[in-house]
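Participant: here are the coordinates; sequence isn't available:
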């Protein structure tokens, strides 16, 4: 186990000592500093009906500490392969909310890649993506740059469901971190 993984394991073993939030995409998160946060993924804790297709107000590098994710990159395009979506601008963070009216767009998958323990990838702020994860996966995110707004993309005909973060309960923290620790080698 490398130094970063040992550090992360120590945090997970002492999870009650930290202030965690639960983000509606099914991710327990802990800010290690303003630019770095730890994500512990749990499908059971995903908000029903929430869309996982989005971009960011900042670029980032993600390192998978344990488990695996599949990162789908989408692009706006009109072709036979596209599906109709609504694009909603959102203000990010604890006071997050939708901004303005949604607009119709067409999206298609541009690429998909699976990342395993020890893998890292970098993504630019405007890249539209969706992260699918194995429960208990742990990733470390290092943000680059800063902005206030992002976009979410939800199927046309559906309504937008917020993934706004909230303080995690101790029961949620313990359940999610224990599951992650079982996966770590």
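Facilitator: Done, it's in. Quick caveat, the model's predicted, so the values are computed rather than measured.

Participant: wouldn't residue 139 be in contact with residue 69 here?
Facilitator: Yes - between residue 139 and residue 69 a contact is recorded at 6.8 Å, counting by C-beta atoms under 8 Å. C-beta here means a position set from N, CA and C on the backbone, and glycine is covered the same way.

Participant: Tell me which of those two has more neighbours.
Facilitator: The residue with more neighbours, out of residue 139 and residue 69, is residue 139; 27 against 20, by other C-beta atoms under 10 Å.

Participant: What score does that one have for pLDDT?
Facilitator: At residue 139, the predicted lDDT confidence score is 98.

Participant: Excluding covalently adjacent residues, which one is nearest to it?
Facilitator: Leaving aside its chain neighbours, residue 139 sits nearest to residue 39 (4.7 Å; criterion: C-beta to C-beta, 6 or more residues apart in numbering).

Participant: Pull the contacting residues for the one you found.
Facilitator: 27, 28, 29, 138, 139, 140, 141 (C-beta atoms under 8 Å, 6 or more residues apart in numbering).

Participant: In the sheet, which strands lie alongside the helix or strand that it is a member of, parallel or antiparallel?
Facilitator: Applying DSSP states H and E as the criterion places residue 39 in strand 36-41. Strand 36-41 pairs in its sheet with strand 27-33 (antiparallel), strand 138-144 (antiparallel), by DSSP bridges.

Participant: Can you say which of these is packed in most?
Facilitator: Highest mean neighbour count among these (mean count of other C-beta atoms under 10 Å): strand 138-144, with a mean of 20.

Participant: starting at the chain centroid, how far to that strand?
Facilitator: Here the centre of strand 138-144 is set off from its chain's centre by 10 Å, with C-alpha atoms, centre = their mean, to the nearest Å.

Participant: With stretch 120-137 instead?
Facilitator: For stretch 120-137, the distance to the chain centre is 6 Å (C-alpha atoms, centre = their mean).

Participant: which of the residues in it are buried?
Facilitator: By 16 or more other C-beta atoms under 10 Å, the buried positions in stretch 120-137 come out as 123, 125, 127, 128, 129, 130, 131, 133, 135, 136, 137.

Participant: ditto for stretch 59-71
Facilitator: Quick answer for stretch 59-71 (16+ other C-beta under 10 Å): 59, 60, 62, 63, 64, 65, 66, 67, 68, 69, 71.

Participant: Contacts only, for the nearest residue to residue 32 once chain neighbours are set aside.
Facilitator: Leaving aside its sequence neighbours, residue 32 sits nearest to residue 38 (C-beta to C-beta, 6+ apart; 6.2 Å). Residues near residue 38 by C-beta under 8 Å, 6+ apart: 8, 11, 29, 30, 32, 138, 139, 140, 141.
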